[in-house]
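Student: Need coordinates for the below:
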Amino acid sequence: MKNNTIYLEAAGDKNRLKIGIYTPKDVIWHYEDLPAHEDKIRQTAVSMAETLNRASRKGCSGGHEFERLKSVGRMLCDELLPLEIKEKLRKSDAEYLILKLDDRLVHIPWELLCVDEKFLCQRFNMGRLVKTHQKIAEGNERNLSSPLSLWIVANPRGDLEIAGSEGLKIFQNTAALNQEQNLILPCLDAEITPDEVKEKIKSYDFVHFAGHGDYRSQTDPGGAAQSGWKLSGGNFTVNDIDRMAGGAAMPAFIFSNACQSARTEEWHRNSAPESARPAENRQTDAGEGSFGLANAFLRAGVKHYLGTFWEIMDEPGSHFADEFYSLLYAGEPVGKAVRQARCNLIEKYGPDTCWASYILYGDPRTNYFSPNMGKASIIPRESEPSVSRSTPTRGSFFNYGLNSGRLKEFQYMLAAGLATVLLVCAILAGNYIVRRISLYEQIKIQELLITQAEKKQQKTEALFNELIKITKPAPASETQDSGTLTLAMVFDSQISLSDQKTENLAAFAVQSQLIAYSRFKILERKSFDKILLELIWEKPEHLNLLMPNLLIFLEVYDEDRHPLVLMRLVDKNTGIVIDNLFETLENGKPVFAQKEKLSENLLETLKKHYPLRGEVAEIADAGVMLNIGDRAGVRIGQWFKVIGTDTLLKAVSVETDTCMTTLKKGDAPPQKGAEIIEN
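Tutor: Below is the predicted model of the structure:
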């Protein structure tokens with residue numbers, strides 16, 4: 001019978017390594033006692049992480065770094081694995097490889113040992129179980145019941161936009177679990193403080209963090225205890241987690257998608273010489289303090305922790321998270337979801353090394369969800385299946401005896417009737433549930449888009465205030481009666497690795513329609529908040545800048561079959577939100593080809609709230625001349641109403657600053673100087 005799981009167990013002590021490999025069925029197994037050069041192995045692991053960190057910072061984590069990773073993987077394999085274990089790994093057809101390590105060996109990237117030109121984490125679904133001398137919190141056991149709850153903390157400082165997008169994607173994958181309960185709390189682009197994390201983290205079964213991480217080694221000031229998540233107003237640190245241990249149960253699963261969030265040194269106080277460690281970090285009690293995020297969360301009671309060994313590029317990291325959750329919610333075990341997400345990342349980004357950075361602590365065979373989503377099973381794949389027995393019953397039907405033929409015929413008829421009724425009920429219920437879920441998802445997505453737009457609005461207003469301090473901007477038009485309305489658009493102007501984001505394309509489509517309707521003047525075609533920031537940096541004290549009357553904050557949710565676009569219209573002078581306009585795009589059709597559909601309601605809203613105004617300049621034989629023309633956006637065929645009357649005028653010819661109209665309704669032409677408004 002195939003062994004679905006193999007264990008690789010290793011323990012270290014004073015430059016010696018005891019290592020063996022076995023299956024769950026083995027009663028006795030062989031291990032080897034080998035010399036191991038601790039300092040050399042430690043330096044190799046540190047050197048590899050720092051090399052990949054530098055490459056990632058330069059945005060060049062590609063072929064050269066991949067080959068470097070492979071050469072280090074081969075070297076570590078030769079240093080750590082005897083020939084017999086290499087052969088067993090090479091020949092094994094097991095699906096899962098569980099590392100059973102002691103706390104002196106956790107800093108080694110075992111997942112990247114290279115056997116036969118292939119990394120272990122590519123061949124096996126892997127997870128780590130650790131034996132430690134440290135004290136482990138004895139808190140309450142978390143009761144996992146369907147459906148599971150999730151807290152998404154993405155871009156908590158507002159300085160990593162792609163992390164916010166990552167949170168949106170994960171929310172979309174999990175929206176089906178929400179149904180009519182608030183089981184998923186997405187905090188996207190929101191200012192989250194360490195105290196808020198301490199308050200809320202134990203309320204959820206799963207926690208996903210996407211943002212900046214802070215890795216500290218034992219030799220840094222404050223030591224590894226200051227490693228943590230970077231939040232608004234400070235860091236959520238290892239020390240904080242240690243203080244939270246015990247009492248209420250911690251989440252079962254934490255995915256810390258931040259740079260170096262799973263990097264660690266040995267979980268041992270002698271991992272750095274006493275003299276090399278800061279005085280505030282020289283602790284004598286062996287069970288006091290943790291050595292990084294993974295160590296702290298696991299000691300506090302977390303069952304699975306997924307993080308990174310080195311710094312990763314933003315876009316591949318977000319893609320990995322999206323792939324991982326898609327697989328996890330489809331019913332794949334945790335370790336399999338990690339390995340398949342790695343493979344998908346390799347297929348998409350080639351030799352980029354982001355895929356190799358992820359490390360999973362916990363049993364890789366654990367299922368949190370059944371294939372139909374939402375059922376917490378927590379059952380390893382190799383558990384004995386339960387056996388259920390059914391007992392036949394005997395009796396009469398309505399106390400009347402029937403011969404076997406008649407009874408069988410009646411049973412067929414009854415079964416067919418019941419099946420028909422159940423089918424109709426299922427279809428009706430299914431349609432109702434789908435509509436409810438779809439409506440709920442749409443409302444949630446709209447709320448998220450509005451929240452993001454509000455954040456951008458606050459940021460833009462702060463930039464305006466900063467710019468006003470150092471410049472003398474030309475005032476917006478005193479009135480908006482006859483002048484051209486100036487508009488500026490705030491949208492995501494970043495370019496992804498593959499192509500322009502949908503936000504850019506939607507923004508350009510809307511801008512082109514506004515320009516065609518010449519009443520509106522667009523202030524630059526680049527996202528206006530970026531321009532404000534550049535102007536502040538340049539300190540343009542003597543620039544005479546034209547300020548906009550209106551701001552349009554554009555947000556796009558494009559992770560669905562029908563991308564949703566939000567255009568938030570704000571009066572710059574008053575700060576009042578005029579309207580939140582939502583438009584749905586057709587997937588597969590070029591965004592620019594849908595510019596009329598995108599802009600129709602926006603133009604109508606602008607005309608409603610900011611109608612074209614003017615006055616009668618002259619009464620002539622040819623008709624009634626108005627003091628507004630092409631420059632103000634007048635078009636032939638446009639209708640105007642004389643304020644205070646029922647008189648209607650229609651434009652028949654248009655000049656630069658005037659237009660000629662004819663009387664279409666009313667007994668007499670209006671008086672010179674009479675005010676008119678677009679009808």
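
Student: what's the neighbour count on residue 348?
Tutor: 16 (other C-beta atoms under 10 Å). To be clear about C-beta, it is placed using only N, CA and C from the backbone, and glycine gets the same treatment.

Student: Just want to check the distance between it and residue 360.
Tutor: In this view, residue 348 and residue 360 are 20 Å apart by C-beta to C-beta, to the nearest Å.

Student: can you give me phi and psi for residue 626?
Tutor: phi -110, psi 160 (degrees, to the nearest 10).

Student: give the contact list for it.
Tutor: 614-617, 634, 640, 649, 651, 658-661, 676 (C-beta atoms under 8 Å, 6 or more residues apart in numbering).

Student: quick one: which of those residues is nearest residue 28?
Tutor: residue 634 (93.8 Å; C-beta to C-beta).

Student: Tell me which helix or strand in the chain has the weakest average pLDDT.
Tutor: helix 528-538 (a mean of 63; mean pLDDT, DSSP states H and E).

Student: ok, residues contacting the next helix or strand after that one?
Tutor: Where DSSP states H and E defines the elements, the next helix or strand beyond helix 528-538 is strand 550-557. For strand 550-557, contacts defined as C-beta under 8 Å, 6+ apart pick out 168, 172, 445, 448-449, 452-453, 456-457, 460, 485-492, 501-503, 506-507, 510, 528, 563-572, 578, 602, 606, 610.

Student: Among those residues, which ones are in helices?
Tutor: 168, 172, 445, 448-449, 452-453, 456-457, 460, 502-503, 506-507, 510, 528, 602, 606 (DSSP state H).

Student: if we can go back for a sec, please spell out the PyMOL selection for the buried subset of the contacts of strand 550-557.
Tutor: A single PyMOL command selects the buried members of the contacts of strand 550-557 (16 or more other C-beta atoms under 10 Å):
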select buried, resi 168+172+445+448+449+452+453+456+457+460+485+486+487+488+489+490+491+492+501+502+503+506+507+510+528+563+564+565+566+567+568+569+570+572+578+602+606+610
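
Student: those helices in the chain, which residues are they?
Tutor: Going by DSSP H, the chain shows helices at 38-57, 63-80, 83-91, 120-123, 161-178, 194-200, 238-244, 293-300, 314-329, 334-349, 404-470, 502-516, 528-538, 595-609.

Student: Most tightly packed of the ones you listed?
Tutor: Mean neighbour counts were taken over the helices of the chain using mean count of other C-beta atoms under 10 Å, and the top value, a mean of 27, falls to helix 293-300.

Student: CA atoms only for stretch 665-679, dumped as CSV, please.
Tutor: Backbone C-alpha positions of stretch 665-679 (Å, rounded to 0.1, in the frame of the first residue of the first chain) are rendered in CSV as follows:
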residue,chain,number,x,y,z
LYS,A,665,-42.3,77.9,-26.4
GLY,A,666,-43.7,81.1,-24.9
ASP,A,667,-45.9,84.0,-26.1
ALA,A,668,-43.2,86.6,-26.3
PRO,A,669,-39.4,86.7,-26.5
PRO,A,670,-37.5,87.2,-23.2
GLN,A,671,-36.2,90.6,-22.1
LYS,A,672,-32.5,91.5,-22.5
GLY,A,673,-30.6,90.4,-19.4
ALA,A,674,-33.0,87.6,-18.5
GLU,A,675,-31.3,84.6,-16.9
ILE,A,676,-31.4,81.3,-18.7
ILE,A,677,-30.5,77.7,-17.6
GLU,A,678,-29.8,74.5,-19.6
ASN,A,679,-33.0,72.5,-19.9
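
Student: what sits up against it?
Tutor: Here stretch 665-679 makes contact (C-beta under 8 Å, 6+ apart) with 607, 611-619, 624, 626, 638-649, 663.

Student: Apply 10 Å and report the result again.
Tutor: 481-482, 519, 607-608, 610-620, 623-628, 633-634, 638-650, 661-663 (C-beta atoms under 10 Å, 6 or more residues apart in numbering).

Student: So for that stretch, what gets flagged as buried?
Tutor: Within stretch 665-679, the residues that count as buried by 16+ other C-beta under 10 Å are 669, 670, 674, 676, 678.

Student: Please name the residues that touch the residue lying closest to residue 234 once chain neighbours are set aside.
Tutor: Distance criterion C-beta to C-beta, 6 or more residues apart in numbering; nearest residue to residue 234, sequence neighbours excluded, is residue 194 at 5.2 Å. Residue 194 makes contacts with 156, 228, 229, 230, 231, 232, 233, 234, 235, 236, 237, 240, as judged by C-beta under 10 Å, 6+ apart.

Student: Of those - the most surrounded one?
Tutor: Within those, most neighbours by other C-beta under 10 Å means residue 156, with 30 neighbours.

Student: I'd guessed that residue sits against residue 208; true?
Tutor: No - counting by C-beta atoms under 10 Å, residue 156 does not reach residue 208; the two are 11.8 Å apart.

Student: tell me the pLDDT at the closest residue to residue 51 other than its chain neighbours?
Tutor: Closest residue to residue 51 apart from its sequence neighbours, by C-beta to C-beta, 6+ apart: residue 68 at 6.2 Å. Per-residue pLDDT puts residue 68 at 80.

Student: For residue 68, give me its contacts.
Tutor: Residue 68 neighbours (C-beta under 10 Å, 6+ apart): 47, 48, 51, 52, 55, 353.

Student: Would you mind checking which of these the model is least sure about?
Tutor: Lowest pLDDT among those: residue 55, with 63.

Student: Now do stretch 66-85: distance to the chain's middle.
Tutor: 34 Å (C-alpha atoms, centre = their mean, to the nearest Å).

Student: Tell me which two in the contacts of residue 68 are the farthest apart.
Tutor: 47 and 353, at 14.6 Å, using C-beta to C-beta across the contacts of residue 68.

Student: Pull up the overlap in contacts between residue 156 and residue 208.
Tutor: With C-beta under 10 Å, 6+ apart, residue 156 and residue 208 have common neighbours residue 167.
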